[in-house]
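S.K.: I'd like to go over a predicted model; first the sequence, then the structure.
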Amino acid sequence: MSTPEPRPAVDQVMLTVLSATLRVVWARTGALFIRRQQSPLTLEAATGGGVDALAPPFETTVVGQVARENRPVLLQEGRTLVPGESSALVMPMSVGGNWVGVIYLGRAGARAFRPEDLTAVGALNEVSALAIDGLEQAHHQSHSWMLDAETGLYSEQYFSERVREERKRNKRYKRRALLMTFSIEGAGAEAPAALSELIMEHVRETDIAARLAPSKFSVLLVEAPEKESRKIAERIELAIERQFKGVTPVTVGLTVL
């Protein structure tokens with residue numbers, strides 16, 4: 001699902017925090033990874049030579065391992081994620097026991113990281129985590145209206161604005177988008193969260209999924225051929241039927257914008 005709002009100010013501060021960390025620990029490269037609600041690990045900031053080699057999916061790399069196990073890993077030459085490094089530290093970032101992200105720090109040449117560096121770098125890492133967590137909290141609060149608190153999908157207010165924008169854009173550039181709306185009844189209190197996960201699994205990165213009402217959901221399929229959109233709708237319906245036995249999803253419609 002697409003990102004709700006550009007974050008130039010937040011991203012710039014994250015890059016500044018990362019760059020400062022690199023200077024203190026004598027690292028050549030650095031990268032910051034964050035996983036937000038119902039999203040995979042994303043590369044938020046990176047600096048230094050060779051960071052272009054960092055490519056998703058990150059869940060299957062040592063970054064994902066550190067995120068899952070919440071413990072640091074020291075990588076020696078040949079195991080680092082960036083070519084030309086002699087060693088790297090991959091460390092979880094947390095504040096008060098709450099997971100914030102993962103930081104990757106790489107060194108080149110003879111000055112390799114050693115096991116005893118974990119403690120010293122870990123102390124600095126706690127300060128960086130506090131700064132980044134504060135940024136994330138401030139950004140979330142200023143944009144909380146955009147998301148449905150229970151499911152993590154977009155809110156009805158934000159979704160309505162995006163639909164209006166897409167209508168204008170389509171008219172101006174003679175493009176097309178499709179709006180898929182459906183509802184599900186009688187599936188229990190936990191259904192909305194479970195249903196949102198199913199939607200996220202089947203929509204494309206560019207699509208916009210929202211919760212419009214307690215049991216009503218919608219997906220804006222941007223620049224999607226109608227045939228492909230119908231296949232996405234069918235996949236979601238089948239997934240719901242498998243997930244919620246005895247519950248039949250009611251597809252309201254597939255509308256061309």
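M.R.: Here it is on my side, so go on.

S.K.: Residue 22 - that's part of a strand, no?
M.R.: No: under the criterion used here (DSSP: H, G, I helix; E, B strand; the rest coil), residue 22 is helix, not part of a strand.

S.K.: Now for it: which residues touch it?
M.R.: 28, 29, 30, 47, 48, 105 (Cβ atoms under 8 Å, 6 or more residues apart in numbering). In short, each C-beta sits where N, CA and C put it, glycine included.

S.K.: quick one: secondary structure of residue 181?
M.R.: Judged by three-state DSSP, the three-state class of residue 181 is strand.

S.K.: Was I right to think it contacts residue 217?
M.R.: Yes: in this structure, residue 181 sits in contact with residue 217. The criterion is Cβ atoms under 8 Å, and the distance is 7.3 Å.

S.K.: the more surrounded of those two?
M.R.: Ranked by neighbour count (other Cβ atoms under 10 Å), residue 181 and residue 217 place residue 217 first, with 26 against 18.

S.K.: ok, and what's touching whichever helix or strand the more buried one is part of?
M.R.: Counting by DSSP states H and E, the secondary-structure element that holds residue 217 is strand 216-222. Contacts with strand 216-222, where a contact means Cβ under 8 Å, 6+ apart, come from 153, 159, 162-163, 166, 177-184, 195-196, 199, 203-204, 206-212, 228-229, 232, 252, 257.

S.K.: Show me where the stretch 51-200 of the chain has its helices.
M.R.: Listed in chain order, the helices of the stretch 51-200 of the chain (DSSP state H, counting those that start in this stretch) span residues 62-69, 117-142, 156-173, 191-202.

S.K.: Tell me which two in the contacts of residue 22 are the farthest apart.
M.R.: In those, two members sit farther apart than any others by Cβ to Cβ. They are 47 and 105, at 10.7 Å.

S.K.: Overlap in contacts, the two.
M.R.: Residues touching both residue 47 and residue 105 by Cβ under 8 Å, 6+ apart: 22, 29, 30.

S.K.: give the contact list for the second one.
M.R.: Spelled out, that is residue 29. Under the criterion of Cβ under 8 Å, 6+ apart, the contact list for residue 29 reads 22, 46-51, 82, 85, 88, 104-106.

S.K.: Quick check: the gap between it and residue 67.
M.R.: Look at residue 29 and residue 67: by Cβ to Cβ, to the nearest Å, they are 19 Å apart.

S.K.: And residue 47 and residue 105? Which one has more around it.
M.R.: Neighbours per residue (other Cβ under 10 Å) separate residue 47 from residue 105, with residue 105 holding more: 26 against 17.

S.K.: Appreciated, that's everything.
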